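In: Here's a sequence, model it:
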Amino acid sequence: MSTRIGFLKGHGTENDFVIVPDPDDTLDLGPAAVAALCDRRAGIGGDGLLRVVRSAAHPEASGMAAEAEWFMDYRNADGSIAEMCGNGVRVFARYVQRAGHVQAGDLAVATRGGVKRVHLAKGEGGADGDITVSMGRAVLPEERATVTVEGRSWPAYNVNMGNPHAVAFVDDLAHAGDLFRPPPLSPEGVYPEGVNVEFVVDRGERHVAMRVHERGSGETRSCGTGACAVAVATARRDGVDPARTGTPVAYTVDLPGGRLVITEHPDGTVEMTGPAVIVAEGEIDPDWFETVLR
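Out: Predicted structure coming up:
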(Lines give C-alpha, C1' and ligand atoms only; values in the text may rest on other atoms or scores of the structure.)
Protein backbone atom coordinates (compact mmCIF):
# COMPACT_ATOMS: atom_id res chain seq x y z
CA MET A 1 0.00 0.00 0.00
CA SER A 2 1.65 3.24 -1.14
CA THR A 3 -0.88 5.71 0.20
CA ARG A 4 0.13 7.19 3.51
CA ILE A 5 -2.73 7.79 5.92
CA GLY A 6 -2.58 10.44 8.60
CA PHE A 7 -4.45 10.12 11.89
CA LEU A 8 -5.03 11.98 15.13
CA LYS A 9 -6.06 10.80 18.59
CA GLY A 10 -8.57 12.71 20.67
CA HIS A 11 -10.99 12.29 23.53
CA GLY A 12 -14.06 13.86 25.09
CA THR A 13 -14.26 13.13 28.84
CA GLU A 14 -11.95 10.17 28.12
CA ASN A 15 -14.21 8.66 25.48
CA ASP A 16 -11.37 8.32 22.96
CA PHE A 17 -11.25 8.15 19.20
CA VAL A 18 -8.97 7.55 16.25
CA ILE A 19 -9.53 10.45 13.83
CA VAL A 20 -8.85 9.86 10.13
CA PRO A 21 -9.11 12.92 7.85
CA ASP A 22 -10.45 11.81 4.47
CA PRO A 23 -12.09 14.91 2.97
CA ASP A 24 -12.60 13.42 -0.51
CA ASP A 25 -13.92 10.03 0.67
CA THR A 26 -11.06 8.07 -0.88
CA LEU A 27 -10.40 5.56 1.92
CA ASP A 28 -12.23 2.26 2.18
CA LEU A 29 -12.08 1.54 5.90
CA GLY A 30 -14.05 -1.64 6.38
CA PRO A 31 -14.97 -3.20 9.72
CA ALA A 32 -11.74 -5.21 9.99
CA ALA A 33 -9.56 -2.14 9.36
CA VAL A 34 -11.50 -0.04 11.87
CA ALA A 35 -11.33 -2.77 14.52
CA ALA A 36 -7.56 -3.10 13.98
CA LEU A 37 -7.00 0.65 14.28
CA CYS A 38 -9.09 0.79 17.48
CA ASP A 39 -7.34 -2.22 19.05
CA ARG A 40 -5.67 -0.99 22.25
CA ARG A 41 -2.82 -3.50 22.12
CA ALA A 42 -2.14 -4.08 18.44
CA GLY A 43 -3.40 -0.81 16.97
CA ILE A 44 -3.73 2.87 17.86
CA GLY A 45 -6.54 2.27 20.32
CA GLY A 46 -9.90 3.95 20.75
CA ASP A 47 -13.56 3.54 21.64
CA GLY A 48 -14.35 4.34 18.03
CA LEU A 49 -13.14 5.91 14.79
CA LEU A 50 -14.11 9.28 13.34
CA ARG A 51 -13.56 9.64 9.61
CA VAL A 52 -13.70 13.29 8.53
CA VAL A 53 -15.32 13.60 5.10
CA ARG A 54 -16.80 16.50 3.18
CA SER A 55 -20.55 15.91 3.09
CA ALA A 56 -20.74 16.55 -0.66
CA ALA A 57 -18.26 13.71 -1.27
CA HIS A 58 -20.10 11.03 0.75
CA PRO A 59 -23.24 9.32 -0.62
CA GLU A 60 -24.86 9.12 2.83
CA ALA A 61 -24.27 12.80 3.56
CA SER A 62 -24.59 14.58 0.22
CA GLY A 63 -28.19 15.49 0.98
CA MET A 64 -26.99 17.39 4.07
CA ALA A 65 -24.17 19.24 2.28
CA ALA A 66 -26.16 22.47 1.98
CA GLU A 67 -26.44 22.59 5.80
CA ALA A 68 -23.15 21.02 6.89
CA GLU A 69 -19.85 20.99 5.02
CA TRP A 70 -18.40 18.14 7.09
CA PHE A 71 -19.71 14.62 7.69
CA MET A 72 -18.75 12.51 10.72
CA ASP A 73 -18.49 8.91 9.53
CA TYR A 74 -18.51 7.24 12.94
CA ARG A 75 -17.62 3.60 13.58
CA ASN A 76 -17.66 1.68 16.86
CA ALA A 77 -14.49 -0.02 18.04
CA ASP A 78 -15.64 -3.34 16.56
CA GLY A 79 -16.02 -1.70 13.13
CA SER A 80 -19.81 -1.50 13.17
CA ILE A 81 -21.56 1.68 12.06
CA ALA A 82 -23.37 3.85 14.61
CA GLU A 83 -25.89 6.60 14.00
CA MET A 84 -24.36 9.11 16.39
CA CYS A 85 -21.76 9.68 19.08
CA GLY A 86 -22.13 12.75 21.29
CA ASN A 87 -18.56 12.84 22.59
CA GLY A 88 -17.42 12.03 19.07
CA VAL A 89 -19.15 15.11 17.68
CA ARG A 90 -17.27 17.34 20.11
CA VAL A 91 -13.93 15.74 19.24
CA PHE A 92 -14.81 15.92 15.54
CA ALA A 93 -15.55 19.64 15.90
CA ARG A 94 -12.28 20.18 17.76
CA TYR A 95 -10.39 18.54 14.89
CA VAL A 96 -12.17 20.69 12.29
CA GLN A 97 -11.20 23.74 14.34
CA ARG A 98 -7.60 22.56 14.73
CA ALA A 99 -7.35 21.96 10.97
CA GLY A 100 -8.30 25.59 10.38
CA HIS A 101 -11.62 24.91 8.70
CA VAL A 102 -13.55 26.87 11.38
CA GLN A 103 -12.82 29.25 14.23
CA ALA A 104 -14.53 29.50 17.61
CA GLY A 105 -18.25 29.94 17.07
CA ASP A 106 -20.92 27.88 15.37
CA LEU A 107 -20.49 24.77 13.23
CA ALA A 108 -22.90 22.30 11.63
CA VAL A 109 -21.85 18.63 11.50
CA ALA A 110 -23.60 16.03 9.36
CA THR A 111 -24.08 12.63 11.02
CA ARG A 112 -26.15 9.55 10.33
CA GLY A 113 -28.41 10.87 13.08
CA GLY A 114 -28.96 14.15 11.19
CA VAL A 115 -27.25 17.54 11.24
CA LYS A 116 -25.94 18.52 14.68
CA ARG A 117 -25.39 22.18 15.63
CA VAL A 118 -22.17 22.81 17.52
CA HIS A 119 -20.83 25.85 19.36
CA LEU A 120 -17.11 26.11 20.12
CA ALA A 121 -16.58 28.50 23.00
CA LYS A 122 -13.50 30.64 23.50
CA GLY A 123 -11.51 29.77 26.60
CA GLU A 124 -9.49 31.97 28.90
CA GLY A 125 -6.31 33.45 27.44
CA GLY A 126 -6.96 32.06 23.99
CA ALA A 127 -7.30 28.46 25.17
CA ASP A 128 -9.96 26.20 23.70
CA GLY A 129 -13.23 26.34 25.61
CA ASP A 130 -15.96 23.78 26.09
CA ILE A 131 -18.03 22.62 23.15
CA THR A 132 -21.82 22.59 23.19
CA VAL A 133 -23.71 20.27 20.85
CA SER A 134 -27.39 20.53 20.06
CA MET A 135 -28.26 16.84 20.13
CA GLY A 136 -31.80 17.14 18.82
CA ARG A 137 -34.91 15.95 20.61
CA ALA A 138 -35.17 12.86 22.73
CA VAL A 139 -37.79 10.29 21.82
CA LEU A 140 -39.21 8.18 24.64
CA PRO A 141 -40.90 5.06 23.21
CA GLU A 142 -43.56 3.59 25.46
CA GLU A 143 -42.15 0.07 25.23
CA ARG A 144 -39.64 -0.59 27.99
CA ALA A 145 -37.29 -3.37 28.99
CA THR A 146 -35.92 -4.80 32.22
CA VAL A 147 -32.15 -4.97 32.75
CA THR A 148 -30.73 -7.84 34.81
CA VAL A 149 -27.20 -8.15 36.20
CA GLU A 150 -26.08 -10.88 38.60
CA GLY A 151 -29.57 -11.56 39.90
CA ARG A 152 -30.63 -7.91 40.29
CA SER A 153 -33.20 -6.40 37.92
CA TRP A 154 -34.30 -2.85 37.19
CA PRO A 155 -36.90 -1.33 34.84
CA ALA A 156 -35.21 0.81 32.20
CA TYR A 157 -36.37 4.03 30.58
CA ASN A 158 -36.36 3.72 26.80
CA VAL A 159 -34.76 6.87 25.37
CA ASN A 160 -33.67 7.44 21.77
CA MET A 161 -31.14 10.19 21.06
CA GLY A 162 -30.63 9.24 17.42
CA ASN A 163 -29.40 5.94 18.85
CA PRO A 164 -31.12 3.69 21.40
CA HIS A 165 -30.59 3.78 25.17
CA ALA A 166 -31.89 1.84 28.15
CA VAL A 167 -31.49 3.84 31.38
CA ALA A 168 -31.66 2.03 34.72
CA PHE A 169 -31.56 3.73 38.15
CA VAL A 170 -29.57 1.71 40.70
CA ASP A 171 -28.41 2.07 44.31
CA ASP A 172 -24.73 1.47 43.55
CA LEU A 173 -22.84 1.72 40.25
CA ALA A 174 -20.96 -1.45 41.17
CA HIS A 175 -24.25 -3.31 40.65
CA ALA A 176 -23.75 -2.83 36.88
CA GLY A 177 -21.07 -5.53 36.90
CA ASP A 178 -18.08 -5.49 34.55
CA LEU A 179 -20.03 -4.23 31.49
CA PHE A 180 -17.65 -6.02 29.13
CA ARG A 181 -20.65 -7.75 27.60
CA PRO A 182 -24.12 -6.34 26.88
CA PRO A 183 -26.29 -6.56 30.02
CA PRO A 184 -29.24 -8.92 29.47
CA LEU A 185 -32.57 -7.23 28.71
CA SER A 186 -36.07 -8.61 28.56
CA PRO A 187 -38.34 -8.97 26.76
CA GLU A 188 -36.40 -9.61 23.59
CA GLY A 189 -37.23 -7.44 20.62
CA VAL A 190 -37.41 -4.04 22.34
CA TYR A 191 -34.03 -3.14 20.83
CA PRO A 192 -33.68 -5.22 17.65
CA GLU A 193 -30.39 -3.54 16.64
CA GLY A 194 -28.84 -3.56 20.10
CA VAL A 195 -28.76 -0.82 22.71
CA ASN A 196 -26.52 1.32 24.89
CA VAL A 197 -27.25 0.60 28.56
CA GLU A 198 -26.75 3.21 31.29
CA PHE A 199 -26.71 2.60 35.04
CA VAL A 200 -27.39 5.73 37.12
CA VAL A 201 -27.11 6.83 40.76
CA ASP A 202 -28.05 10.13 42.38
CA ARG A 203 -25.30 12.47 43.61
CA GLY A 204 -27.39 15.50 44.61
CA GLU A 205 -30.03 17.88 43.33
CA ARG A 206 -30.04 17.60 39.51
CA HIS A 207 -26.72 15.79 39.75
CA VAL A 208 -26.21 12.13 38.82
CA ALA A 209 -23.40 9.72 38.03
CA MET A 210 -23.44 6.91 35.48
CA ARG A 211 -21.67 3.97 33.93
CA VAL A 212 -22.41 2.75 30.43
CA HIS A 213 -22.11 -0.24 28.16
CA GLU A 214 -21.86 1.16 24.65
CA ARG A 215 -23.22 -1.02 21.89
CA GLY A 216 -20.27 -2.35 19.90
CA SER A 217 -17.61 -1.01 22.30
CA GLY A 218 -18.25 -2.40 25.79
CA GLU A 219 -17.85 -0.17 28.84
CA THR A 220 -16.45 3.24 27.94
CA ARG A 221 -15.21 6.11 30.09
CA SER A 222 -17.95 8.37 28.76
CA CYS A 223 -20.91 8.42 26.37
CA GLY A 224 -22.37 11.75 25.21
CA THR A 225 -25.66 10.47 23.87
CA GLY A 226 -25.88 8.28 26.96
CA ALA A 227 -25.46 11.30 29.25
CA CYS A 228 -28.25 13.04 27.33
CA ALA A 229 -30.51 10.01 27.64
CA VAL A 230 -29.72 9.83 31.36
CA ALA A 231 -30.57 13.51 31.91
CA VAL A 232 -33.89 13.18 30.09
CA ALA A 233 -34.78 9.96 31.91
CA THR A 234 -33.84 11.50 35.26
CA ALA A 235 -35.99 14.55 34.57
CA ARG A 236 -38.98 12.35 33.78
CA ARG A 237 -38.35 10.25 36.86
CA ASP A 238 -38.28 13.51 38.85
CA GLY A 239 -41.55 14.60 37.28
CA VAL A 240 -39.92 17.37 35.22
CA ASP A 241 -40.80 18.02 31.58
CA PRO A 242 -39.65 21.36 30.12
CA ALA A 243 -42.31 21.11 27.42
CA ARG A 244 -44.92 21.44 30.18
CA THR A 245 -43.15 23.84 32.52
CA GLY A 246 -41.77 26.12 29.80
CA THR A 247 -38.46 26.28 31.67
CA PRO A 248 -35.17 24.60 30.66
CA VAL A 249 -33.81 21.96 33.01
CA ALA A 250 -30.11 21.13 33.38
CA TYR A 251 -28.46 18.10 34.96
CA THR A 252 -24.80 17.59 35.80
CA VAL A 253 -23.77 14.10 34.75
CA ASP A 254 -20.58 12.57 36.16
CA LEU A 255 -18.96 9.84 34.10
CA PRO A 256 -15.81 7.83 34.84
CA GLY A 257 -13.92 10.10 32.41
CA GLY A 258 -15.24 13.50 33.45
CA ARG A 259 -18.31 15.69 33.67
CA LEU A 260 -20.94 16.84 31.18
CA VAL A 261 -23.78 19.32 31.60
CA ILE A 262 -26.99 18.38 29.80
CA THR A 263 -29.78 20.93 29.25
CA GLU A 264 -33.24 20.11 27.92
CA HIS A 265 -35.21 23.06 26.53
CA PRO A 266 -38.98 23.59 26.33
CA ASP A 267 -38.96 22.87 22.58
CA GLY A 268 -37.47 19.46 23.35
CA THR A 269 -33.94 20.26 22.16
CA VAL A 270 -31.22 18.65 24.27
CA GLU A 271 -27.82 20.36 24.54
CA MET A 272 -24.62 18.75 25.78
CA THR A 273 -21.65 20.82 27.00
CA GLY A 274 -18.20 19.47 27.75
CA PRO A 275 -14.53 19.39 26.78
CA ALA A 276 -12.79 17.90 23.74
CA VAL A 277 -9.05 17.41 23.40
CA ILE A 278 -6.69 16.41 20.57
CA VAL A 279 -3.74 14.60 22.16
CA ALA A 280 -1.63 13.26 19.29
CA GLU A 281 -1.09 13.29 15.54
CA GLY A 282 0.81 10.84 13.35
CA GLU A 283 0.84 8.58 10.35
CA ILE A 284 -0.35 4.99 9.99
CA ASP A 285 2.46 2.70 8.92
CA PRO A 286 1.56 1.53 5.39
CA ASP A 287 3.15 -1.91 5.77
CA TRP A 288 1.25 -2.62 8.99
CA PHE A 289 -1.99 -1.41 7.43
CA GLU A 290 -1.46 -3.60 4.38
CA THR A 291 -1.33 -6.66 6.64
CA VAL A 292 -4.60 -5.58 8.25
CA LEU A 293 -6.33 -5.45 4.88
CA ARG A 294 -5.19 -8.93 3.80
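In: Not including adjacent chain positions, what is the nearest residue to residue 163?
Out: residue 83 (4.7 Å; C-beta to C-beta, 6 or more residues apart in numbering). Where you see a C-beta, it was placed from the backbone N, CA and C, and this is true even at glycine.
In: Tell me where the stretch 151-294 of the chain has helices.
Out: In the stretch 151-294 of the chain, the helices defined using DSSP state H, counting those that start in this stretch lie at 224-237, 242-245, 286-293.
In: can you give me the mean pLDDT across the longest one?
Out: What it means is helix 224-237. For helix 224-237, mean pLDDT rounds to 97.
In: and if you look at stretch 186-198?
Out: Stretch 186-198 comes out at a mean pLDDT of 94.
In: now for the helices of the stretch 151-294 of the chain, which one comes closest to residue 43?
Out: The closest of these to residue 43 is helix 286-293. By C-beta to C-beta, the value is 8.3 Å.
In: now for that closest one, which elements pack on it?
Out: Here helix 286-293 touches helix 31-38, going by 3 or more C-beta pairs under 8 Å, 6 or more residues apart in numbering; DSSP states H and E.
In: Show me what the helix it packs on is packed up against.
Out: Judged by 3+ C-beta pairs under 8 Å, 6+ apart, the packing partners of helix 31-38 are strand 15-21, strand 48-54, helix 286-293.
In: so what strands line up beside the second one?
Out: The reference is to strand 48-54. strand 15-21 (parallel), strand 70-76 (antiparallel) (DSSP bridges).
In: That strand to helix 31-38, inter-axis angle?
Out: 110 degrees (axes from the mean of the first three to the mean of the last three C-alpha atoms, to 10 degrees).
In: just the last one next, same as before
Out: Taking the same axes, to 10 degrees, one finds helix 286-293 and helix 31-38 inclined to each other by 130 degrees.
In: do the same with the first one
Out: With the same axes, to 10 degrees as the criterion, the two stretches strand 15-21 and helix 31-38 enclose an angle of 120 degrees.
In: who's in contact with strand 15-21?
Out: 5-11, 27, 29, 37-38, 43-52, 85, 87-88, 91-92, 95, 99, 220-224, 257, 278 (C-beta atoms under 8 Å, 6 or more residues apart in numbering).
In: what about burial for those residues, which qualify?
Out: 5, 7-11, 29, 37-38, 43-44, 46-52, 85, 87-88, 91-92, 95, 220-224, 257, 278 (16 or more other C-beta atoms under 10 Å).
In: measure stretch 145-154 end to end?
Out: Using C-alpha to C-alpha, to the nearest Å, the end-to-end distance of stretch 145-154 comes to 9 Å.
In: where's the residue nearest to residue 163 relative to residue 151, distance?
Out: In this view, residue 83 and residue 151 are 33 Å apart by C-beta to C-beta, to the nearest Å.
In: Which of those two has more residues huddled nearby?
Out: residue 83 (16 against 6; other C-beta atoms under 10 Å).
In: sorry, back to before: contacting residues for the residue nearest to residue 163?
Out: So residue 83 contacts 111, 112, 113, 162, 163 (C-beta under 8 Å, 6+ apart).
In: Tell me the most packed of those, by neighbour count.
Out: In the contacts of residue 83, the most neighbours by other C-beta under 10 Å go to residue 111, 26 neighbours.
In: what's near enough to touch it?
Out: Contacts of residue 111 (C-beta under 8 Å, 6+ apart): 71, 72, 74, 83, 84, 89, 162.
In: cool, and residue 122?
Out: Contacts of residue 122 by C-beta under 8 Å, 6+ apart are 104, 129.
In: That one pairs with what?
Out: Going by DSSP bridges, residue 122 forms beta bridges with residue 128.
In: Give me the pLDDT value at it.
Out: pLDDT at residue 122 comes out at 88.
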